[in-house]
Each structure stands twice: as C-alpha cells, then as structure tokens.
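> Please work out how this folds:
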Amino acid sequence: MKISKMSIAVAMLLMGTCVVACGYAANETQQVQHEDSVSAVYTPTVYRSTGLDFTQAAESSVNAVVSIRTTTEVRNNGYSDPLFEFFFGPGMGQQRESRPQSGLGSGVIISSDGYIVTNNHVIKGADKLEITLNDKRTFNGVIVGADPTTDLALVKIEANNLPTVKFGNSDNLKIGEWVLAVGNPFGLTSTVTAGIVSAKARRIGGNMAQGQLDIEAFIQTDAAVNPGNSGGALVNTAGELVGINTAIYSQTGNYAGYSFAIPSSIVSKVITDLRQYGTVQRAVMGISFQEITSEFAKEKNLGVLEGVYVAEVLDRSAAMEAGVHVGDVIIAINGKKIVNGASLQEQIGRFNPGDKITVTLWRNNKKEEVQMTLKNSQGTTDVTNAVTFSTLGAAFKDLSNAQKRELNIRNGVEVAGLKNGKFKAAGIREGFVILEVNDNVIASVSDMENIFNRITQSGNSRKVMFITGIYPNGKLMYYAIDLAE
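All right, here's what the predicted structure looks like:
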C-alpha cells in the first residue's frame, strides 16, 4: 500500500490535538488488548546480550524526570443578557463561560533548587502547573520563561536538594550510539526505553503545528516515545542529558519507529538565557539560504554538495559586514562542518549577539574564511530583556464606586498616568477604563498584573493584549498591544 506524505503526521507528543505532542489529554481512556492465552501458541524467545548495562544510566536519570500536569481554562463568549445590555450598552451583558482542560507531559530537573526544563508545547497557555516528582511529592510550578522558536520552556518549583541530571555534550553523539528516553508516556510514570541514535541535525518541517520552530536540528532515535513523553530526558549510557524528547513521526499519533529530541547544546543555551534574562538572546547572521541538492549544485556549478547556499545577504547585517556574498556556500562555523540548514541553525543557535565566529566559505571553488560578529534581530549586539509590567508605561488605579455608577459599569481599572511605553504608543489616553483583557474581566490592578503575567509566560509565539475599555465620555474603544515587539 502506498502511503502519501500528507498521511504522515509530525507529532509533538501532546495528545488532544492531531499533532502528537508527547503530553496528552488526561481525561482520555486507553484501551489495552490482550492475546487469548488459551489459543496462543507458545514460542520461546531467544535473547542476545548487547554487552551493555543500562541500569546505571536509568537509575541516575529517572529520579530527575518529573510529570507535569497542566490545567487550562478554555474560555468562550457564552451568551448575552439583552436586558443588561439595554441599560449598560452593547457588549456589557456578555456572560462568560469556561471549562478546565488538562494535559500531561514530562520535565527534567536541571538544578537542585527546583529549575525544570520541558517543552514549550507542554506548558503553552496553561493556567496551572502541577509538578509530580518520582518520589510522588507534588508542587505548583511557575513558568520562568518560554521559547516557541526552539519549543523549550523553563519552570520553577519551590524545593531544595532535588535530584538532577548532568548535562552531556550532544555534539559528541555518534550515529548508532545507544540512548535512553525517560518520561511519562500515557501518564505511566518513570518509564525508560532504549534505542540508538538514527540521525543528527534532522529537520522534520511543518513547524510542528504548534508555532514557528525556526530552529530545527533534532536528534533522531528509535527509542520508543509516546504521548506524555514530551519534555522528558534523552540520556546517553553515562546517564548524561543529551536531549529533550519532543516529537514523533506517526500516522496514528502514537510511536511508529522514530522519535526526535532537541540537542542538549541548544537546550543549555536557551535555558541559561531564560533563567538569566527571561528571554533568549538570539544571534543571527542576516542571510537567507537554500539547501543544496545534486541538481542545484550542478546548475550553479558549486563543486560541493554539503553546506548551505547563501541566497540573500541582508543590509547592515553581520554577514554583510563580514563580507559574505550571495552565491557563497557556508561549509563550517568555528571549524564545525555544516552539512545542511539544520546544522547551520544548530551552530548559530548556541551563540549570543556580539559573539565573534569564524565562518568557512566555499567561494569560486576554494575555501575562504571570514570573521563575523553576530547581531540580534534588531541589528545590534545589545542584550534583550524580557517584557515586564513596567514596559506598558502606565499607572493603574482601581475604580471607586462613584466612578462605576457614573459610567454604568460593574468593574474596571483606570489608566491614571502615562509615560513612554506600549500603552502610549498604541494611542491609549489617561482616564481610559479597562474593562476586559483577552476576554478576562478586569476588576482590580492585581487582575491587570495577573493577566499580563499569564500572557507573557504563556509560551505562545504571539503575545498580545486585546483590550476592551471605555472613556469617561462613554465611548467604547478597543486596542491591541503586541508585547513581543
């Protein structure tokens, strides 16, 4: 039977969506089929020893892998009360309905004081995180930061003296090397499976149906990974963390032979930035590139089949300043071979803006080296800080009962002062009363802070405040504040 490419789903191990994201909807039941023991014919199994002992690696990592249960309030518009709208205006009688939705995933403790790395798609949009350790202790988790570009997130629990897993070097992994996947598939805690590294710097495309995964350089293995494994550990035979399990290739949503993990070289960099700055310090070269095929190499008379072809060099970019030209082929970064676009992204993904690198080019059928100082997406080498509540540039004040009666409203927060910031840039003026943000009723300044934190820590690639409010003259206004800019 011929299987079309479209029938193969790239799965991000989070059940409840058609994309399999290694976590799953907790309220789904699982069916297990057993063979008929009476009619079954017994066939003895012959086991051949590999000469390897995985017990030490399993024991050293299983206690550092946690279960993450998420709860998300799914909100909808519900219905309108016509009588209330008659007295207080259009949209003011809207009744809100919500229902909780839960999911499960995994995480890895990386510091004894409670920092945990997991996948962004595990915690994305969650209102509550419940973290369960291997010894069955349970804690509430707080999202420190998330990076949709790499599908990584950092979570914190208030605990000390926790077991951790040591970071290994994913660069040293070899094709055919044994690895273990540790996680909680289908909610089955502390599960360990074994396999080998099938490929490195694998790009699986499709943006994982969960956001823009601009950096894809996965470790491909045949260790069994299923819904619930997302965010779990991929460890080598020494018990060192070499990857975070993230995705599977599947037609059914369950394991079908291949799984994919984010290399520890990327994980270490992203998590360090999230912990220190609250956001990732991402370096860029300022080029667009094209993968090289044999046909393309022949057409362009390149003379090489490995590397990436520079299709465009952006103005005032690091690449332009270093002297990179359209038609060059990037074949190495700091001496590490670049075989395709995924390996280029993996190498650049570990640097910060301002870092100096050596780029080896194939130009006019010979090697050339250029020195490059990487920049951020704004074209500078400045440190990028996470968006904080103060960046809104507004002072807020709870409404008095007299103000509520005057405006015929039951809730709201007044914009009592403005300075340069996102509110002023959006055109909001002093005296504006915020009624709702992203369909959440705002009744106090603490409500504003809570919804702001929820949006900025949600793990969504698009972080926007959709604000509904009213001015003292009774004019209803709507604003959209992009917090990612």
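> so where's the protein uncertain?
Scanning the chain for pLDDT under 70 picks out 1-51, 74-98, 205-214, 458-461, 484-485.
> any idea how it splits into domains?
1-28+53-281, 287-373, 389-482 (automatic domain parsing).
> List the buried residues for stretch 280-293?
280-287, 289, 292 (16 or more other CB atoms under 10 Å). Yep, even glycine has a C-beta here, placed from its N, CA and C like the rest.
> now do stretch 106-117
106-110, 114-117.
> same check, this time on stretch 242-251
Quick answer for stretch 242-251 (16+ other CB under 10 Å): 242-250.
> Could you check which helix or strand contains Ser102?
Element membership for Ser102, per DSSP states H and E: strand 94-109.
> What pairs with whatever helix or strand comes next after that strand, parallel or antiparallel?
Downstream of strand 94-109, the first helix or strand assigned by DSSP H and E is strand 115-119. Sheet pairing here is set by DSSP bridges, and for strand 115-119 it gives strand 94-109 (antiparallel), strand 152-156 (antiparallel).
> From Ile244, how far off is the one residue sitting closest to the centre of the chain?
Central residue of the chain (CA atoms, centre = their mean): Asp151, 2.3 Å from the mean position. Noted for Asp151: a distance of 9 Å to Ile244, by CB to CB, to the nearest Å.
> Need the residues touching each of those two.
119, 262 (CB atoms under 8 Å, 6 or more residues apart in numbering).
> all helices in the stretch 251-400 of the chain, in order from the N-terminus.
Using DSSP state H, counting those that start in this stretch, the helices assigned to the stretch 251-400 of the chain run over residues 264-277, 294-300, 318-322, 341-348.
> one step back: could you save the strands paired with strand 115-119 as CSV and add columns showing distance to Asn364?
Formatted as CSV, the strands paired with strand 115-119 follow (distance: least, CB to CB, whole Å):
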stretch, distance to Asn364
strand 94-109, 47
strand 152-156, 40
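> Quick one: closest of those to Lys356.
When those are compared by CB to CB, strand 152-156 sits nearest Lys356, at 25.4 Å.
> got the angle between the closest one and helix 264-277?
Inter-element angle recorded for strand 152-156 and helix 264-277: 50 degrees (by axes from the mean of the first three to the mean of the last three CA atoms, to 10 degrees).
> Need the contact partners of the helix or strand following strand 152-156.
Using DSSP H and E, the helix or strand that follows strand 152-156 in sequence is strand 178-183. Residues from elsewhere that reach strand 178-183 (CB under 8 Å, 6+ apart): 22, 50, 52, 54, 57-58, 61-62, 65, 106, 173, 190-197, 219, 221, 223-225, 228-237, 242-243, 245, 259, 261.
> Now do the helix or strand just after strand 178-183: distance to the chain's middle.
Later in the chain than strand 178-183, the nearest helix or strand by DSSP H and E is strand 191-202. Centroid displacement of strand 191-202 relative to its chain, using CA atoms, centre = their mean, to the nearest Å, is 20 Å.
> Sheet partners, orientation included, of strand 191-202?
strand 178-183 (antiparallel), strand 218-221 (antiparallel).
> Just give the closest residue to Leu188, not the sequence neighbours.
Gly228 (7.2 Å; CB to CB, 6 or more residues apart in numbering).
> before we move on, back to that, as JSON lines, the buried residues of stretch 242-251 with secondary structure and distance to Lys422 would be great.
Shown next, in JSON lines, are the buried residues of stretch 242-251 (DSSP: H, G, I helix; E, B strand; the rest coil; distance: CB to CB, whole Å):
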{"residue": "Val242", "secondary structure": "strand", "distance to Lys422": "40"}
{"residue": "Gly243", "secondary structure": "strand", "distance to Lys422": "37"}
{"residue": "Ile244", "secondary structure": "strand", "distance to Lys422": "33"}
{"residue": "Asn245", "secondary structure": "strand", "distance to Lys422": "37"}
{"residue": "Thr246", "secondary structure": "strand", "distance to Lys422": "32"}
{"residue": "Ala247", "secondary structure": "strand", "distance to Lys422": "34"}
{"residue": "Ile248", "secondary structure": "strand", "distance to Lys422": "39"}
{"residue": "Tyr249", "secondary structure": "strand", "distance to Lys422": "41"}
{"residue": "Ser250", "secondary structure": "strand", "distance to Lys422": "41"}
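> what's the closest of these to Thr384?
Looking across the buried residues of stretch 242-251 and measuring by CB to CB, the closest to Thr384 is Ile244, at 23.0 Å.
> shouldn't that closest one be in contact with Val267?
Yes. Assessed by CB atoms under 8 Å, Ile244 is found in contact with Val267 at 5.5 Å.
> overlap in contacts of those two?
In contact with both Ile244 and Val267: 117, 152, using CB under 8 Å, 6+ apart.
> Just the terminal-to-terminal distance for stretch 164-171.
Distance across stretch 164-171, first residue to last, is 21 Å (CA to CA, to the nearest Å).
> likewise stretch 167-174?
Start-to-end span of stretch 167-174 (CA to CA) is 17 Å.
> buried stuff in that stretch?
Quick answer for stretch 167-174 (16+ other CB under 10 Å): 167-168, 170, 173.
> gap between it and the chain center?
Worked out by CA atoms, centre = their mean, stretch 167-174 lies 21 Å from the chain centre.
> still on that earlier bit, for Gly379, find the nearest of the domains of the chain.
In terms of CB to CB, the element of the domains of the chain nearest to Gly379 is domain 287-373, at 5.6 Å.
> Start and end of the closest one, how far apart?
Note: domain 287-373 ends 14 Å apart using CA to CA.
> In stretch 377-386, which residues are buried?
Across stretch 377-386, burial judged by 16+ other CB under 10 Å covers 381, 384, 386.
> Show the contacting residues for the second one.
Right, Thr384. By CB under 8 Å, 6+ apart, the neighbours of Thr384 are 277, 279, 281-282, 353, 376, 378.
> For stretch 53-64, which residues meet the burial criterion?
54, 57-58, 60-64.
> What about these, which are in strands?
Judged by DSSP state E, strands contain none of the buried residues of stretch 53-64.
> Let me have those in a markdown table, extended by distance to Ile333.
As requested, these are exported to a markdown table (distance: CB to CB, whole Å):
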| residue | distance to Ile333 |
| --- | --- |
| Phe54 | 34 |
| Ala57 | 31 |
| Ala58 | 35 |
| Ser60 | 32 |
| Ser61 | 30 |
| Val62 | 35 |
| Asn63 | 37 |
| Ala64 | 31 |
